[in-house]
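Peer 1: No sequence on hand, only this structure:
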């Protein structure tokens, strides 16, 4: 295979706020792996990216050596709104790719997702009010069985690794990822990435820049310009901190029932007789 015809050997397919950025960066540090600059191309899930064509997608991996592993990570691939379409496209284009699906305690994922939207200045409602909206993305993205089912219908089970974030941080999941990709065993990196609670919030100008795609280039600017941009376009206000603290509010049990039903099906689909997480404190404030 020529370098110009490269396609990913593996794809981290989600889920959102489950450690996909950390895993992508950790794999990027491995000597046998060469990853593209764009972490989330969303090629299989977004029609505007799909319409750019396969040559555009191949170009993302053109710099990878022929003997190196390459891959990508797009959490939108397991957004239940897009996962059937993404799985179908992926099965046609990269049928032999190794897939990695990261999951975490679904309520903690909801809280982290909410903080992410608050940080982006796209969410201004209290957590419970946001969850009562039937169109909210937070509950939907914690439906792991619904998200993964289209991939299990289209890919051999041995090509799909499901790993919990909790085990990636303090367990055997890092070793499982390495084995899944055929990499030799080595120590797990320590530094987490993309922890929303440690970030400042977006101002309205920053939100517009981010949504236009220009804001993402801030990280590639020289440090003096980057620091100046952050001072102008990011903020840490008392209102923002209050909203972040609000992510710990108690969630009514009735709102979580779809999560429990889906989590049970998810565990059964993975051949587990016990739930993946202890539900004792689910929904309660920390």
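Peer 2: Nice, I can see it. Note that the structure is predicted; figures quoted are calculated from it, not measured.
Peer 1: pLDDT weak spots in the stretch 1-150 of the chain?
Peer 2: Counting by pLDDT under 70, the low-confidence segments of the stretch 1-150 of the chain come to 1-4.
Peer 1: That one: helices as residue ranges?
Peer 2: Using DSSP state H, counting those that start in this stretch, the helices found in the stretch 1-150 of the chain span residues 20-28, 47-50, 54-59, 83-93, 106-119, 127-132, 137-140, 144-154.
Peer 1: Comparing those, which comes out most buried?
Peer 2: helix 106-119 (a mean of 23; mean count of other Cβ atoms under 10 Å). Every C-beta, even on glycine, is put in place using the N, C-alpha and C of the backbone.
Peer 1: picking that back up, among the helices of the stretch 1-150 of the chain, which is nearest residue 99?
Peer 2: helix 144-154 (6.2 Å; Cβ to Cβ).
Peer 1: mind listing what's buried in the longest helix along the chain?
Peer 2: Longest helix in the chain, counting residues (DSSP state H): helix 253-269. Residues 255, 256, 259, 262, 263, 266, 267 are the ones in helix 253-269 that count as buried (16 or more other Cβ atoms under 10 Å).
Peer 1: cool, stretch 240-253 as well?
Peer 2: 240, 243, 244, 246, 247, 249, 251.
Peer 1: Throw the residues you listed into a markdown table and include pLDDT and distance to residue 120, thanks.
Peer 2: Formatted as a markdown table, the buried residues of stretch 240-253 follow (pLDDT from 0 to 100; distance: Cβ to Cβ, whole Å):
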| residue | pLDDT | distance to residue 120 |
| --- | --- | --- |
| 240 | 77 | 11 |
| 243 | 80 | 12 |
| 244 | 84 | 13 |
| 246 | 87 | 16 |
| 247 | 92 | 14 |
| 249 | 94 | 19 |
| 251 | 95 | 21 |
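Peer 1: Inside helices: which ones of the residues you listed?
Peer 2: Using DSSP H, these in helices are 240, 243, 244, 246.
Peer 1: Need the residues that contact the longest helix of the chain.
Peer 2: For helix 253-269, the external contacting residues (Cβ atoms under 8 Å, 6 or more residues apart in numbering) are 103, 106-107, 128, 131-132, 139, 142-146, 148-149, 152, 273-277, 279, 282-283.
Peer 1: same thing with stretch 40-50?
Peer 2: Residues contacting stretch 40-50 (Cβ under 8 Å, 6+ apart): 52, 56-57, 60, 72-77, 79, 82-83, 85-87, 89-90, 93.
Peer 1: Equivalent analysis for stretch 151-165, please.
Peer 2: 13, 18-19, 78, 83, 87-88, 90-91, 95-104, 148, 171, 173, 176-177, 180, 269-270, 276.
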